[in-house]
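Asker: Could you work out the structure for the sequence below:
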Amino acid sequence: MISDDQKFDFWMKECNALLIKAIGSGIDDMPDAMWADYFEGENTPAQALELAFDESWAGDPLYGSDHVEDAIRAIQ
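Answerer: Numbering: from 1, shown residues only. Okay, the predicted model is just below:
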């Protein structure tokens, strides 16, 4: 049986892979976001990336660019 920690780790890897594909950087390169909350809220990895942008990255002068936003929104 797969543990909740394993499910979260797999989900995080999916989030990371999608972000790398979209902008060329992974989640470890970005400002912190509420990943556990997004997971527990049963968001898909794509939804979680949108939430991370809206809640954590949008106001950041480096990571809140229109290019990053457009790339993340295009994932869905």
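Asker: which strands and helices sit next to the lengthiest helix in the chain?
Answerer: Longest helix in the chain by number of residues (criterion: DSSP state H): helix 4-23. Counting contacts by 3 or more C-beta pairs under 8 Å, 6 or more residues apart in numbering; DSSP states H and E, helix 4-23 packs against helix 35-40, helix 45-52, helix 66-73. (C-beta placed from N, C-alpha, C; glycine too.)
Asker: residues in contact with residue 17?
Answerer: The contact partners of residue 17, taken as C-beta atoms under 8 Å, 6 or more residues apart in numbering, number zero.
Asker: centroid residue for the protein?
Answerer: The structure's the chain has its C-alpha centroid closest to residue 49; by C-alpha atoms, centre = their mean the separation is 3.0 Å.
Asker: Residue 74 - how many residues pack around it?
Answerer: 9 (other C-beta atoms under 10 Å).
Asker: That one touches residue 22, doesn't it?
Answerer: Yes. In terms of C-beta atoms under 8 Å, residue 74 counts as a neighbour of residue 22; the distance is 7.0 Å.
Asker: got the contact list for the closest residue to residue 63 other than its chain neighbours?
Answerer: Nearest residue to residue 63, sequence neighbours excluded (C-beta to C-beta, 6 or more residues apart in numbering): residue 57, at 4.5 Å. When the contact criterion is C-beta under 8 Å, 6+ apart, the partners of residue 57 are 30, 31, 33, 63, 64, 68.
Asker: try 7 Å
Answerer: Contact analysis of residue 57 by C-beta atoms under 7 Å, 6 or more residues apart in numbering lists 30, 31, 63, 64, 68.
Asker: for residue 39, same thing?
Answerer: Contacts of residue 39 by C-beta under 7 Å, 6+ apart are 8, 11.
Asker: Look up the pLDDT of it for me, please.
Answerer: Looking at residue 39, its pLDDT reads 98.
Asker: Tell me the spacing between it and residue 74.
Answerer: To residue 74, residue 39 is 22 Å away according to C-beta to C-beta, to the nearest Å.
Asker: same check, this time on residue 7
Answerer: 26 Å.
Asker: Having no further points to raise, I will conclude here.
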